[in-house]
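Chemist: When you get a sec, could you give me coordinates for this:
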Amino acid sequence: MERKTVHIAVYDTFADWEIPYATTALTGAGYQTVYVGESGEPVISMGGMRVTPTLSVADLRPEDSALLILPGADAWEKVLPPFAAAARRFLGAGVPVAAICGAVTGLAREGLLDDRPHTGAAAEVLAATGYRGGEHYREADAVTDGDLITAGPTEPVAFAREILTRLDVHPPEVRDAWFRLFRHSDATAYPVLAAHDESAGDQVAGAHGAHPGGGAA
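Modeler: Modelled structure (predicted):
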């Protein structure tokens, strides 16, 4: 059976603006999103959102997941060990991991970027970790290397695009239209999304975060 659950790591000071493009599109496409914390205790995002995880990272298993999303956080230094270890397990099991902003820096410290093409906040930021993957750094909005997706802090839409592509959510022309609409405010992309939602029916209604009436959500 196809795995349709996506796990999202949350911890105090997580960057809440880095993940909603991806989670909205995935939820609309029929995926279940499960928030994973160090424990079941509520956490407070950088923007003041209060989130109560439904799963502990200690109980997170790659075989139950289609993807692990790791947002950035001021607290990554403190929360790094269990979540970096989870990322290592996921990659070892062939289950994708998507990291953005400070989470990329955390994976660099863990040695998970030493041999993989990747991007992040900036080459010098990752170099300061002492990691050995500098030659694999790419100047790009987001990079996918097999099961690993990385992006910088200003690229939540490109981050979502790579996630949707890796999980093969919607046809390529629909993903392209979604990116053009939300990244470039390209109004010509909207009819492509509206036509796809209409043809797909209620199962994916709202997958693009846009209302059928013509406005963006």
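Chemist: Output the contacting helices and strands for the top helix by length along the chain.
Modeler: Ranked by residue count under DSSP state H, the longest helix found in the chain is helix 76-92. With contacts defined as 3 or more C-beta pairs under 8 Å, 6 or more residues apart in numbering; DSSP states H and E, helix 76-92 has these neighbours: strand 67-70, strand 97-100, helix 102-109. Any C-beta I mention is one placed from the backbone N, CA and C, and that applies to glycine too.
Chemist: Minimum distance to Tyr35: which of the ones you listed has it?
Modeler: Closest to Tyr35 of the helices and strands packed on helix 76-92 is strand 67-70 (C-beta to C-beta; 9.8 Å).
Chemist: could you list every residue that touches Asp12?
Modeler: Val43, Ile44, Ala73, Ala75, Val79 (C-beta atoms under 8 Å, 6 or more residues apart in numbering).
Chemist: can you rerun that using 10 Å?
Modeler: Under the criterion of C-beta atoms under 10 Å, 6 or more residues apart in numbering, the contact partners of Asp12 comprise 37-38, 41-46, 51, 73-75, 78-79.
Chemist: cool, Gly37 as well?
Modeler: Residues near Gly37 by C-beta under 10 Å, 6+ apart: 8-12, 14, 43, 51-57, 79, 82-83.
Chemist: So among those, which ones count as buried?
Modeler: Neighbour counting over the contacts of Gly37 (16 or more other C-beta atoms under 10 Å) leaves 8-12, 14, 43, 51, 53, 55, 57, 79, 82-83 as the buried ones.
Chemist: okay, the residues you listed in JSON lines with pLDDT next?
Modeler: Converted to JSON lines, the buried ones among the contacts of Gly37 look like this (pLDDT from 0 to 100):
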{"residue": "Ile8", "pLDDT": "98"}
{"residue": "Ala9", "pLDDT": "97"}
{"residue": "Val10", "pLDDT": "96"}
{"residue": "Tyr11", "pLDDT": "94"}
{"residue": "Asp12", "pLDDT": "93"}
{"residue": "Phe14", "pLDDT": "95"}
{"residue": "Val43", "pLDDT": "95"}
{"residue": "Val51", "pLDDT": "97"}
{"residue": "Pro53", "pLDDT": "97"}
{"residue": "Leu55", "pLDDT": "97"}
{"residue": "Val57", "pLDDT": "96"}
{"residue": "Val79", "pLDDT": "67"}
{"residue": "Pro82", "pLDDT": "91"}
{"residue": "Phe83", "pLDDT": "94"}
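Chemist: Pick the one among these closest to Leu167.
Modeler: Nearest to Leu167, judged by C-beta to C-beta, of the buried ones among the contacts of Gly37 is Ile8 at 13.8 Å.
Chemist: residue ranges for the helices of this protein, please.
Modeler: In the chain, the helices defined using DSSP H lie at 20-28, 76-92, 102-109, 123-127, 156-166, 172-184, 190-200.
Chemist: Pull out the buried residues from the longest helix of the chain.
Modeler: Those buried within helix 76-92 under the rule 16+ other C-beta under 10 Å are Trp76, Val79, Leu80, Pro82, Phe83, Ala84, Ala86, Ala87, Phe90, Leu91.
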